[in-house]
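> Provided below are the primary sequence and the corresponding predicted coordinates.
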Amino acid sequence: MKKSIAIIIIGLFLCSNMQSCRKMDLDPLGVLGEDALFGNEAGARKYVAGMYSFLPIEDFVYHPERGFRWDNYWQNSETLAAMSGEMTGQFWGVAGAQGFGYWPYDRIRNINTLIAGLPKYQTNFSEEGYNQILGEAHFLRAFYYFALVKRYGGIPIITEVQDPTGDKAQLLVKRNKESEVYHFINEDLQQAITKMAATSERGRANKYVAASLLSRAMLYAGSIAKYSGYGNLAGDATDQELVGIKKEEAEWFFKQSYDASTIVLGGPYSLYNKNPQDKELNYVNLFLDLDSPEDIFIKEYSITAPHNNRLKHSYDATHLPNPTFSSDNESAAYPVLNVVELFDELPITDAITGKPIRYTDRKQLYAELEPRQRATFYFSGMELREGAERRSFDIQRGLYKTFPGKATDAQMGSGSATVNSESNRILGGPKNSQYDYNGTKINITGEHGMWKDGHANNTRTGFFIRKYINYKMSTKDVKLYNSTQPWKIFRLAEILLNKAEAAYELGVIKNDGSLKQEAFQYIAQVRLRAGAKPYVYNGAPANLSGKYGYPLDGNMQFIREERERELCFENHHWWDIRRWRIADVELNNFVPNALMPYLVLDELKYSPTGQRINSFIFIKEKEPWNKTFNFEKKWYYEPIPGGELNKNPNLYPQNPIY
Amino acid sequence: MKTINLLMALAGMFFLSACSKTDNYEGPNASMSGQVTDQITKEPFLTGQGEFSIRLLETSWSENPAPQDLQVKQDGSYSHTKLFQATYTLQPYGGAFWPADKIEGFKLGANAEQNFEVTPYLHVKNVKWNLKAENKLDISCSLAAPVTNGLPQVIEVRPFFSLTPYCGAGSRIDAYYKDEYRVLINQNWENIGSMQTGEGKETYTIKDIPLKSGYTYYVRMGAKVRDTYEKFNYSNVEVITVP
């Protein structure tokens, strides 16, 4: 009996389940449909927020070989700057040049869905609201395509929402020419500029943000058009113009960049100059002040954001030495002397005698240098942190018993130089090892470098990076996943430099001296804020065509170097040396230089109170690990990902030399 | 229970039956070898070990075949014994020579020999060396271009040192692969040589290279042009014995 009741109950239960089958065709409650997302401004805002969060921004959490929003924050020092030779890191080098197979057609499809679906709901929007969202969609799409084209050259342009069950022949889209992709980016951004408003909330696009992207993208296209012919990247992809752009197109692209910069310069932005009396502090604050009139587009971080949003970074902990300035991780990449020397010349050698200049205090070395230079690098002797945590960077390579001769006697630190014999040059490490000189114990190395073998966590080049470092943090807070200073995607100084470069290139192409001179108006603005000495336009510039094997003059080279001075460590230089087609020359067996402070023992003096009066010299040497940078020519383009080639054979031919 | 066991056993056999399908394709049992020569001198092409390759595209297998590269040895020869019998496109690829013609539709049987002729960008000639006091070496060479029209810019000349007869960019003593031991040129041919005869105007000398006593060095000079691959053209290998 019990059994049959149970069966009846189960039977009834099953029947009740079957009943519901009649009404299965309901909209799921947990998923927002098209009408919810596109049907009103709040929904559309939510939809684009998702795209912003995956926008390919090469920021603090970008890893060239692993991708955007990379999670292993202790690898945050493996940056584009450590690939381009601006910094030298630990075990990682130009290896990331082949990228990580970025292929964001899923995100592009999301945007195409928005662009296709939005017109149906136009009546629900205000006119400005509708145009803003549509313009934003075009901007976002251009941003994704620019991230693709600068990596691979020509890639398929897909503007429609493809049907995955559709005809296979239509799904296997061919690659477009590199030039066509840049033209497409131009069209999208022109739409974005017309449609979007002049202002937006921080972190979202407006018409000036779109114009900034246009200014950068068209400058890239112009220089690729002008210089790709000199790269000699032969292959099927070159023959079909999938990579490389015809030289005739250079003028048009440069003009587009020039015009886009003009739009941005007409906007409400100005170079950050809140502390005009102290240009060094002003330049440091430029990267930390959230309320900067120079910011056009920034990415913000938040310490309270859920971890999987990747909205915190570790820049401070991975670039400062532990434990003095960081309580977690260690400093793993250091600016090279070659970049420091691009600014004011360092007073290390006496011009007449050729001997190293003597300093009683290492701080004297940088006292008179360009403020921007001091704000970009931490020199030995500079101070960081407040109150009890305040300490100096203490960088010393070793001791010379005597150094009577010229700076060149040290032969770039070579062990075979007479003056560097083990009995005269004392190197040491690890930390706090001391040398007994006539009964006085003297520290051989500084607290932050450099050990004999150039141990990690301590600089090997004589410098630490200062740009973007948040000096307001307390050392105990400097940990992994604990930094939140925003990343500058576009700031006005870049636009000025873009315009200067485009103007000068146009001046060269059209043989127009006034355009060339105009370029140096923008350079002057950047240099004035930086506190640099004015540069005078040279009507008869030096011919530097031997440098890279293509026509280049001294003014053009100055504009390029100014770009590096202003934008170094902001992930520009890697792309710049690619588009100028100079990477294979600049990074040909390149071993960075270092600046090594030494104490000269036989010149030490003591004051009447017994205080030691130091005698420091600075010697230019090769970086002690001898880490070598080589740029393989194929890296002017990344390879089309193998998985995509397998899915779609129409993507062939592969990029040259792969 | 017995039936279940039986069914299980039967089910197992269904799975096993899949194993009976045999792979009846031929194994890679074809071999191929040959020699790459300099079209001008008719001598073996001067290269380093494994610095370029013969590129094979197996066109009978797929429309977009992945390339297979057979590395070429220092004496310009190559050989491979584990290839599939199929139709290939062949081309000397990625070396310091003018783009070579492809051989299309090459039907590889069990065994084949195929030679190639290539035109080098540069001949590195007249290598002269002088071992001075304190074992410092001066070494010089000059260049000639078999084809001058459209020659990419000449980048640099540098010496390569090795302690074995294998000497080149891939087998070198790294300590000598430095900027101080090279001549950076970055010039078009019209500035450094004759466009008609192809003879270079300059002699490139590298001075005071420190060698170690008691060693025998194998040395050759290399020069490269800014083409796609930027590989070196070499001189013959010189043997320098340091007393």
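Now that the structure is in, tell me what you want to look at.
> Need the pLDDT of the residue in the stretch 251-400 of chain A that chain B sits nearest to.
For the stretch 251-400 of chain A and chain B, the shortest gap (CB to the nearest CB) falls at residue A:338, measuring 12.9 Å. For glycine as for every other residue, the C-beta is placed from the backbone atoms N, C-alpha and C. On pLDDT, residue A:338 comes in at 97.
> What of residue B:170?
88.
> Tell me if I'm right that it and residue B:48 touch.
Yes: with contact defined as CB atoms under 8 Å, residue B:170 counts as touching residue B:48 (5.2 Å).
> Looking at those two, which one has more neighbours?
Between residue B:170 and residue B:48, counted using other CB atoms under 10 Å in any protein chain shown, the more crowded position is residue B:48 (25 against 17).
> for the closest residue to the more buried one other than its chain neighbours, what are its contacts?
Nearest residue to residue B:48, sequence neighbours excluded (CB to CB, 6 or more residues apart in numbering or on different chains): residue B:168, at 2.1 Å. Counting by CB atoms under 8 Å, 6 or more residues apart in numbering or on different chains, residue B:168 makes contact with B:47, B:48, B:49, B:51, B:74, B:160, B:162, B:220, B:222, B:232, B:234.
> what residues does chain B put near chain A?
B:63-64, B:94, B:99, B:152-153, B:155, B:177-179, B:186-188, B:210, B:226-230 (CB under 8 Å from any CB of the partner chain).
> I only care about those residues that end up buried; give me the ChimeraX line for that.
In ChimeraX, this line selects whichever of the residues of chain B next to chain A come out buried by 16 or more other CB atoms under 10 Å in any protein chain shown:
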select /B:94,152,153,155,177,186,187,188,226,227,228,229,230
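> Show me the residues of chain B next to chain A that map onto strands.
Among the residues of chain B next to chain A, the ones falling in strands (DSSP state E) are B:155, B:186, B:187, B:210.
> mind putting these in JSON lines, pLDDT included?
As requested, those are exported to JSON lines (pLDDT from 0 to 100):
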{"residue": "B:155", "pLDDT": "91"}
{"residue": "B:186", "pLDDT": "86"}
{"residue": "B:187", "pLDDT": "87"}
{"residue": "B:210", "pLDDT": "92"}
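> re earlier: can the contacts of residue B:168 go into TSV with extra columns for distance to residue A:5?
Compiled in TSV, those are given as follows (distance: CB to CB, whole Å):
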residue	distance to residue A:5
B:47	91
B:48	90
B:49	87
B:51	87
B:74	91
B:160	94
B:162	93
B:220	98
B:222	95
B:232	92
B:234	96
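> closest to residue A:567 among these?
residue B:232 (35.3 Å; CB to CB).
> burial of the closest residue to the closest one other than its chain neighbours, as a residue count?
Spatial nearest neighbour of residue B:232, excluding adjacent residues (CB to CB, 6+ apart): residue B:222 at 3.6 Å. Residues near residue B:222, counting by other CB under 10 Å, number 25.
> just checking, residue B:222 touches residue B:124?
Yes: counting by CB under 8 Å, residue B:222 touches residue B:124, with 6.7 Å between them.
> Could you tell me which residues touch both of the two?
B:157, B:233, B:234, B:235.
> can you redo those as a markdown table with neighbour count?
Putting those into a markdown table (neighbours: other CB atoms under 10 Å in any protein chain shown) gives the following:
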| residue | neighbour count |
| --- | --- |
| B:157 | 26 |
| B:233 | 24 |
| B:234 | 27 |
| B:235 | 22 |
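> Of those, which pair is most distant in space?
B:157 and B:234 (10.9 Å).
> overlap in contacts of those two?
Joint contacts of residue B:157 and residue B:234 (CB under 8 Å, 6+ apart) are B:124, B:221, B:222.
> Where does the second one sit: helix, strand or coil?
Just to be clear, that refers to residue B:221. strand (DSSP: H, G, I helix; E, B strand; the rest coil).
> I'd like to know which residues of the stretch 551-658 of chain A are adjacent to chain B.
So far as CB under 8 Å from any CB goes, the stretch 551-658 of chain A lies against chain B at A:584, A:585, A:589, A:633, A:645, A:649, A:652, A:656, A:657.
> 10 Å instead?
A:581, A:584-585, A:588-591, A:622, A:626, A:628, A:632-634, A:642, A:645-646, A:649-654, A:656-658 (CB under 10 Å from any CB of the partner chain).
> The stretch 201-350 of chain A too?
A:230, A:231, A:232, A:233, A:234, A:235, A:238.
> Which member of those residues is positioned nearest residue A:201?
residue A:231 (41.9 Å).
> quick one on the thing from earlier: ok, so of the ones in strands among the residues of chain B next to chain A, who is nearest chain A?
residue B:186 (4.8 Å).
> can you tell me how far the closest one sits from residue A:73?
Distance of residue B:186 to residue A:73, computed by CB to CB, to the nearest Å: 42 Å.
> Check residue A:539 too.
For residue A:539 relative to residue A:73 (CB to CB), the value is 50 Å.
> Looking at the two now, which is surrounded by more residues?
Just comparing residue A:539 and residue A:73: by other CB under 10 Å the higher neighbour count belongs to residue A:73, 24 against 9.
> Please give me every residue in contact with the residue nearest to the more buried one when sequence neighbours are not counted.
Using CB to CB, 6+ apart and skipping the chain neighbours, the partner closest in space to residue A:73 is residue A:314 (4.0 Å). Contact partners of residue A:314, counting by CB atoms under 10 Å, 6 or more residues apart in numbering or on different chains, are A:60-61, A:72-77, A:326, A:328-329, A:478-483.
> what about burial for these, which qualify?
A:60-61, A:73, A:75-77, A:326, A:328-329, A:478-483.
> what's the closest of those residues to residue B:5?
Among those, and counting by CB to CB, the member closest to residue B:5 is residue A:75, at 55.5 Å.
> Excluding residues flanking it in the chain, which one is nearest that closest one?
residue A:63 is the one closest to residue A:75 (CB to CB, 6+ apart), at 5.9 Å.
> just checking, residue A:546 touches residue B:155?
No: in this structure, residue A:546 is not within contact of residue B:155 by CB atoms under 10 Å, at 11.0 Å.
> any shared contact partners between the two?
B:184, B:185, B:186, B:187.
> Bridged to the last one, which residues?
According to DSSP bridges, residue B:154 are recorded as the beta-bridge partners of residue B:187.
> I figured it hits residue A:546, correct?
Yes: here residue B:187 reaches residue A:546: they are 6.9 Å apart, a contact under CB under 10 Å.
> Pull up the overlap in contacts between those two.
Common neighbours of residue B:187 and residue A:546, using CB under 10 Å, 6+ apart, are residue B:153.
> how deep is residue A:510 tucked in, by neighbour count?
Neighbours of residue A:510 using other CB under 10 Å come to 13.
> contacting residues for it?
Residue A:510 touches A:251, A:254, A:255, A:516, counting by CB under 10 Å, 6+ apart.
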